[in-house]
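Undergrad: could you work out the structure for the sequence below:
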Amino acid sequence: MEPNDDITALIGQWQRGDRGAEKNLFEALYSALHRIAVQCLRTERPDQTLGATALVHEAYLRFCRSQPLAIADRHHFLALAARVMRRIIVDRARARRAEKRGGELVRVDETEQIVRTDHDADEILAVDTALRELRRFSPRQEKLVELHWFAGYSMEESAGILGISSRTARREWQAARVRLKGAIDGAAAAN
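TA: Numbering: from 1, shown residues only. Got it, this is the predicted structure:
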């Protein structure tokens, strides 16, 4: 059996409730998950205290608590993991913003703090808003951004996963970057 077939088999077993398969799946993909966490954190401030390992563990906990998911294969699983990690970062930014605005107090331990300033929170939320707008305009471009930027796949790998040519992927990437920049700049001007 090929390694990807092994992963697909583990995903199927995990989805059927096999706790041993769940453990084996996360162990088999740990290095890929850690790489994705590093990608997700690369735009964060260098002095933030939540590391890639903690982000992987938080994502793992969210997967364990989630409803059963229809995950097709290794690439689909890793793309979902990148989305979960991005959601964790966004949730922490929202908590920071709520605290800033005098909303409900949210206790965030210093060792888990990913959003250190109000500016960080605003930037993270602007990116999240821009990605949601991109999803409405072009779900494929949003997927490409997730695969290439957050999951760290090369442009060629991302194109293969999406079933498009590398040339189309590059063209979509350029268009997505322009749309995201415009949306982020617009959100920054509004704040």
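Undergrad: could you dump the least confident helix or strand in the chain by mean pLDDT to PDB, C-alpha only?
TA: Across the helices and strands of the chain, mean pLDDT, DSSP states H and E gives its lowest value to helix 118-137, namely a mean of 78. Below are the C-alpha coordinates for helix 118-137, written out as PDB (Å, rounded to 0.1, in the frame of the first residue of the first chain):
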ATOM      1  CA  ASP A 118      -5.000  45.400  19.000                       C
ATOM      2  CA  HIS A 119      -3.200  46.000  15.700                       C
ATOM      3  CA  ASP A 120      -2.500  42.200  15.400                       C
ATOM      4  CA  ALA A 121      -6.200  41.500  16.100                       C
ATOM      5  CA  ASP A 122      -7.300  44.000  13.500                       C
ATOM      6  CA  GLU A 123      -4.900  42.600  10.800                       C
ATOM      7  CA  ILE A 124      -6.000  38.900  11.500                       C
ATOM      8  CA  LEU A 125      -9.600  39.800  11.300                       C
ATOM      9  CA  ALA A 126      -9.100  41.900   8.100                       C
ATOM     10  CA  VAL A 127      -7.400  38.900   6.500                       C
ATOM     11  CA  ASP A 128     -10.300  36.600   7.600                       C
ATOM     12  CA  THR A 129     -12.900  39.000   6.200                       C
ATOM     13  CA  ALA A 130     -11.000  39.300   3.000                       C
ATOM     14  CA  LEU A 131     -10.900  35.500   2.700                       C
ATOM     15  CA  ARG A 132     -14.600  35.200   3.300                       C
ATOM     16  CA  GLU A 133     -15.200  37.800   0.600                       C
ATOM     17  CA  LEU A 134     -12.900  35.900  -1.800                       C
ATOM     18  CA  ARG A 135     -14.900  32.700  -1.100                       C
ATOM     19  CA  ARG A 136     -18.100  34.500  -2.100                       C
ATOM     20  CA  PHE A 137     -16.500  35.800  -5.300                       C
END
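Undergrad: skip ahead from that helix and say which helix or strand is next.
TA: helix 139-145 (DSSP states H and E).
Undergrad: who are the packing partners of the helix or strand just after that next one?
TA: Using DSSP H and E, the helix or strand that follows helix 139-145 in sequence is helix 155-162. Packing partners of helix 155-162 (3 or more Cβ pairs under 8 Å, 6 or more residues apart in numbering; DSSP states H and E): helix 139-145, helix 166-190. All C-beta spots, glycine's among them, are computed from the backbone N, C-alpha and C.
Undergrad: can you redo the ones you listed as CSV with mean neighbour count?
TA: Output for the helices and strands packed on helix 155-162, formatted as CSV (neighbours: other Cβ atoms under 10 Å):
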stretch, mean neighbour count
helix 139-145, 20
helix 166-190, 15
